[in-house]
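Participant: My questions are about this predicted structure, shown below with the sequence.
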Amino acid sequence: MTNLNFDIITLFPKAFDLINNSGVITRALEKNRFNLNLHDLREYGEGSYKQVDDKPYGGGSGMVLKPEPIYKAHDSINKLPNTKTLLMTPQGKVLKQPDLLRWSSLDQLIIICGQYEGFDERVRCLADEEVSIGDYVLSGGEIPAITIINGLTRLLPGTLGDPGSLIDESHNSYLLEYPHYTRPQIFQGMRVPDILVSGNHEEIKLWRKQKMFERTLDRRNDLIFKEDYKKLPKSKRIKEDSNEMMKFRIGNGYDIHRLVKGRNLIIGGVKLQHPDDLGLDGHSDADVLSHSIMDALLGALSLGDIGKYFPPTDKKWKNVDSLFLLSKVIELIRKQGWEVNNIDSVIVAERPKINPFVELMKNNICKILQIEDSLIGIKATTNEKLGPEGREEGISCHSVVLLEKKE
Ligand code: SAH
């Protein structure tokens, strides 16, 4: 039984010889999975010269296909109950895999191929849909029509050897397909991933799913984020999965400590001198800069705050050097597979002047985090005598951190 009839209106029927020489498509034609009827536009041409084109009204270069031959050719085609007429034009809607799926259940597709400068505008009335195969201009509609025939027939039942090969395919689920390998296992030093030869089918399934997300994010993240994708029922699951693959996480940290007598004033590991001999109060050395960076680092991975890891109730942390705590936090971050992309901090203090010491602070933090100094920005500001910092009741610090997932 024939599943689908293509009726093609073209000036170059010979172009469709390609279909007689193209593997599965030719086999499908031989097996009568589809029918290909070519309608030579020339036969419907006007006058003894069988004229099909003419100069455009209003002038301009090139020739335009006349409407009468196309209408005649279209009229001559016996219409089946479930039929659509497609007009090939670079001005049409760009062809997507779901279009092919949609048309695969039709009885008949009539395809009109343009040539030269195109066709008389009134030809558009014949079309149910205007289709472009991409944002570029070809010389005729034959290759676009063959593209549609090719893409469509491989979807017809019985055309492909293994119907399963259609399911995971690129553009079927808005995800690109996972990478394929076949023998040999090592080719020019390039190995087939171990997982594929492990025989563990569950693991292979997971690996493939993972690769589909990775590939799509890397190459075509426009597919993942496009609106209609979000409308899919499985969007929630996919959104979560793609979050897992997110390469960046951002965190923010804030800390404030009181200024009191009899304490050291340590910021970013640098010991400062306050004009009134004030220092920062706290269980540890109360280094607000290190603390806010630690909170930002932990926050970026939703790991809580420093109080959770170094509770003030624990004697171990009494007067501890906060740079040491910072070294512990960065260890934790790296263990989870993340790296610092950059840090931006601002210290809010009325006195003493912080700016002369910023470079020293930067050096200390970079050494502990083992990052280049270009990755960290430290700024200082007064609070214009406003609020607790302005009244010199305390010194505070805000930090923002961007973490990047290591490959
Ligand atoms: N002057 C026309 C293009 C004519 S190209 C314009 O600017 O719109 C000649 C014919 O080739 C078209 O009528 C159309 O049938 C076909 N064609 C060219 N590029 C195409 C594309 N990207 N998709 C579908 N058909 C195309």
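Facilitator: Yes, it's here. Here the structure is a predicted model, which means the values were calculated and not measured.

Participant: for the stretch 101-250 of the chain, which spans come out with low pLDDT?
Facilitator: For the stretch 101-250 of the chain, the stretches with pLDDT under 70 are 161-165, 167-168, 225-246.

Participant: Can you pull the residues of the stretch 51-200 of the chain lying near the ligand?
Facilitator: Selection of the stretch 51-200 of the chain residues close to the ligand by C-beta under 6 Å from any ligand atom yields 88-91, 113-115, 117-119, 132-134, 136-141, 144. Where C-beta positions appear, they are placed from N, C-alpha and C, glycine not excepted.

Participant: Just the buried ones out of these, please.
Facilitator: Buried members of those, scored by 16 or more other C-beta atoms under 10 Å, are 88-90, 113-115, 118-119, 132-133, 140-141, 144.

Participant: can you put those in CSV and add secondary structure?
Facilitator: Compiled in CSV, those are given as follows (DSSP: H, G, I helix; E, B strand; the rest coil):
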residue, secondary structure
Met88, strand
Thr89, strand
Pro90, strand
Cys113, coil
Gly114, coil
Gln115, strand
Gly118, coil
Phe119, strand
Ser132, strand
Ile133, coil
Gly140, strand
Gly141, coil
Pro144, helix
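
Participant: Go through the residues you listed and name the one nearest Asp53.
Facilitator: Closest to Asp53 out of those is Gln115 (7.5 Å), distances taken as C-beta to C-beta.

Participant: Show the contacting residues for the closest one.
Facilitator: 11-12, 53, 65, 139-141 (C-beta atoms under 8 Å, 6 or more residues apart in numbering).

Participant: Among these, which are located in strands?
Facilitator: Residues of the contacts of Gln115 located in strands (DSSP state E): 53, 65.

Participant: List just the nearest of the contacts of Gln115 to the ligand.
Facilitator: Nearest to the ligand among those, counting by C-beta to the nearest ligand atom, is Gly141 at 2.9 Å.

Participant: tell me the two of the buried ones among the residues of the stretch 51-200 of the chain next to the ligand that are most distant?
Facilitator: Farthest apart among these - using C-beta to C-beta - are Phe119 and Ile133, which lie 16.7 Å from each other.

Participant: which stretches of the stretch 101-250 of the chain form strands?
Facilitator: 108-112, 129-132, 186-187, 190-191, 248-261 (DSSP state E, counting those that start in this stretch).

Participant: The fourth one pairs with which strands?
Facilitator: The reference is to strand 190-191. strand 186-187 (antiparallel) (DSSP bridges).

Participant: end-to-end on stretch 370-382?
Facilitator: 29 Å (C-alpha to C-alpha, to the nearest Å).

Participant: Buried residues in that stretch, which are they?
Facilitator: Neighbour counts using 16+ other C-beta under 10 Å place 371, 375-376, 378, 380 of stretch 370-382 among the buried residues.

Participant: same check, this time on stretch 47-58
Facilitator: Buried residues in stretch 47-58 (16+ other C-beta under 10 Å): 52-53.

Participant: Check what contacts it and list those residues.
Facilitator: Among residues not part of stretch 47-58, those counted as contacts by C-beta under 8 Å, 6+ apart are 11, 41-46, 62-66, 69, 115-117.

Participant: Where do the helices of the stretch 1-150 of the chain begin and end?
Facilitator: For the stretch 1-150 of the chain, the helices defined by DSSP state H, counting those that start in this stretch occupy 23-30, 67-76, 97-103, 142-153.

Participant: and the ones you listed, which is most packed in?
Facilitator: helix 142-153 (a mean of 21; mean count of other C-beta atoms under 10 Å).

Participant: That helix packs against which elements?
Facilitator: Judged by 3 or more C-beta pairs under 8 Å, 6 or more residues apart in numbering; DSSP states H and E, helix 142-153 is in contact with strand 4-10, helix 23-30, strand 34-40, strand 83-94, helix 97-103, strand 108-112, strand 129-132.

Participant: before we move on, back to that, just send the contacts of Gln115 back as TSV, with distance to Lys79 too.
Facilitator: Below are the contacts of Gln115 laid out as TSV (distance: C-beta to C-beta, whole Å):
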residue	distance to Lys79
Leu11	22
Phe12	24
Asp53	26
Leu65	22
Ser139	29
Gly140	25
Gly141	20
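
Participant: quick revisit: now, the most widely separated pair of the contacts of stretch 47-58?
Facilitator: Maximum distance among the contacts of stretch 47-58 (C-beta to C-beta): 23.0 Å, for Glu43 and Gly62.

Participant: Now the closest residue to the ligand within the chain. Nearest residue, chain neighbours left out?
Facilitator: With C-beta to the nearest ligand atom, the shortest gap between the chain and the ligand falls at Gly114, namely 2.1 Å. Sequence neighbours aside, Gly141 is the residue nearest to Gly114 in space, at 4.7 Å (criterion: C-beta to C-beta, 6 or more residues apart in numbering).

Participant: With Gly251 instead?
Facilitator: Gly251's closest residue in space is Ala300 (C-beta to C-beta, 6+ apart), at 2.9 Å.

Participant: Next up, the contacts around that neighbour.
Facilitator: Ala300 sits in contact with 249-251, 333, 338, 401-403, where contact means C-beta under 8 Å, 6+ apart.

Participant: if you set the cut-off to 7 Å instead, what comes out?
Facilitator: 249-251, 401, 403 (C-beta atoms under 7 Å, 6 or more residues apart in numbering).

Participant: From Ile9, how far out is the residue of the chain positioned farthest from its centre?
Facilitator: Here the chain reaches farthest from its C-alpha mean at Ser48, the gap being 56.8 Å by C-alpha atoms, centre = their mean. Ser48 sits 22 Å away from Ile9, going by C-beta to C-beta, to the nearest Å.

Participant: what's the answer for Arg208, then?
Facilitator: Between Arg208 and Ile9 the computed distance is 43 Å (C-beta to C-beta).

Participant: the more surrounded of the two?
Facilitator: Each of Arg208 and Ile9 has its neighbours counted (other C-beta atoms under 10 Å); Ile9 has more, 31 against 16.

Participant: Was I right to think the more buried one contacts His39?
Facilitator: Yes - with contact defined as C-beta atoms under 7 Å, Ile9 counts as touching His39 (4.9 Å).
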